[in-house]
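# no sequence on this one, just coordinates:
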C-alpha cells in the first residue's frame, strides 16, 4: 500500500542558458565584506490566512477588509551588509526616489558606519528599471575622501543571489505579521520594529547560506 506525503513547492524563476552562464560566472567565492545588497519589497498590513492559537471555548478573531486590494501596503528600500566587528565603533520606488535614497541616504550611512579598510564598496542590486537611474558620474561625485563606490547588477531571474530576497526580507516579514496592522502607519511601524528586532546573527546566517 502506498503512502501519500504532504509536500509544499515554490515557483522558481525560469532560467535561460544565458542566465545559467551568468549565474555561474557570478557565483565565484566572495567574502562579501565590501558588498552592500540593495532591494525593495512590499510589506502588507495583513495576509489572507493566519494561524491563531485559542483556549477551549475562545472565539477566533474576526478579520475583515473590503477586499484584498484594500489591504494597506508600503514599499521599503533596504540596504544590508554582512555583519562584522567594528573596530572603530510612502510612495512607489521609482527611478527618482531610488536614486535619491541611494545617493543621499544609503551612501552617507555607509560612510558613517561602514568599517572598510580600503573604502571600496560594491552596491549590488537587481535589474529593475529604476535601478538604472544611478549613473557612474553620480557615483564618482560621491566617491570622495578615499571612498570608491561601484555598482554590480546581479544576474537576471536570480533573486536568490541577493541576501535580502534570499532570506532576510522573509525573516522581517514573519516578525512583522506577528503584530496586527490596519493602516499604512501601522505597517511602517511594525516593519521597522521587526527589522530592529532581528539580531545580526540572523543576517549572518543568510549571508552564510548565500555563500554556500
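Happy to help now that I have it. Fair warning: this is a prediction, and the values are worked out from it, not measured in the lab. Numbering: from 1, shown residues only.

# contacts, neighbours, all on C-alpha from now
Fine.

# run a quick neighbour tally on the nearest residue to residue 156 once chain neighbours are set aside.
Spatial nearest neighbour of residue 156, excluding adjacent residues (C-alpha to C-alpha, 6 or more residues apart in numbering): residue 19 at 6.3 Å. Applying other C-alpha atoms under 10 Å, we find 15 residues neighbouring residue 19.

# for residue 19, list the residues it contacts.
155, 156, 157 (C-alpha atoms under 8 Å, 6 or more residues apart in numbering).

# neighbour-wise, give me the winner out of those residues.
If you rank the contacts of residue 19 by neighbour count (other C-alpha under 10 Å), residue 155 sits at the top with 22 neighbours.

# now that residue: phi and psi?
phi -60, psi 150 (degrees, to the nearest 10).

# got it, and residue 77?
Taking degrees, to the nearest 10 as the convention, residue 77 sits at phi -100, psi 130.

# wait, it sits on residue 38?
Yes. At 7.3 Å, residue 77 counts as touching residue 38 under the criterion of C-alpha atoms under 8 Å.

# mind checking which of these two has more residues around it?
More neighbours surround residue 38 than the other of residue 77 and residue 38, with 21 against 15 (other C-alpha under 10 Å).

# that one reaches residue 81, doesn't it?
No. Residue 38 is not in contact with residue 81 according to C-alpha under 8 Å; the separation is 9.2 Å.

# how near is residue 130 to residue 97?
9 Å (C-alpha to C-alpha, to the nearest Å).

# what does residue 45 give?
22 Å.

# please identify which of these two sits among more neighbours.
Just comparing residue 45 and residue 97: by other C-alpha under 10 Å the higher neighbour count belongs to residue 45, 24 against 14.

# which residue is nearest the centroid of this protein?
residue 164 (3.1 Å; C-alpha atoms, centre = their mean).

# show me the contacts for that one.
Residue 164 neighbours (C-alpha under 8 Å, 6+ apart): 37, 38, 39, 78, 80.

# in its sheet, what does the one helix or strand the fourth one maps to sit against?
Spelled out, it's residue 78. Assigned by DSSP states H and E, residue 78 belongs to strand 73-81. In the sheet, strand 73-81 lines up against strand 35-44 (antiparallel) (DSSP bridges).

# can you list the buried residues in the biggest helix by length in the chain?
Using DSSP state H, we find that the single longest helix of the chain is helix 184-197. Judged by neighbour count using 16 or more other C-alpha atoms under 10 Å, the buried positions of helix 184-197 are 184, 186, 187, 188, 190, 191, 194, 195.

# now for the fourth one: which residues touch it?
With contact taken as C-alpha under 8 Å, 6+ apart, residue 188 is in contact with residue 74.

# for it, give its distance to residue 102.
19 Å.

# do the same with the third one
Distance check for residue 187 against residue 102: by C-alpha to C-alpha, it reads 22 Å.

# before we move on, what about the fifth one?
Summarising the geometry, the distance separating residue 190 from residue 102, computed by C-alpha to C-alpha, is 23 Å.

# check the second one too.
As for residue 186, its distance to residue 102 is 25 Å (criterion: C-alpha to C-alpha).
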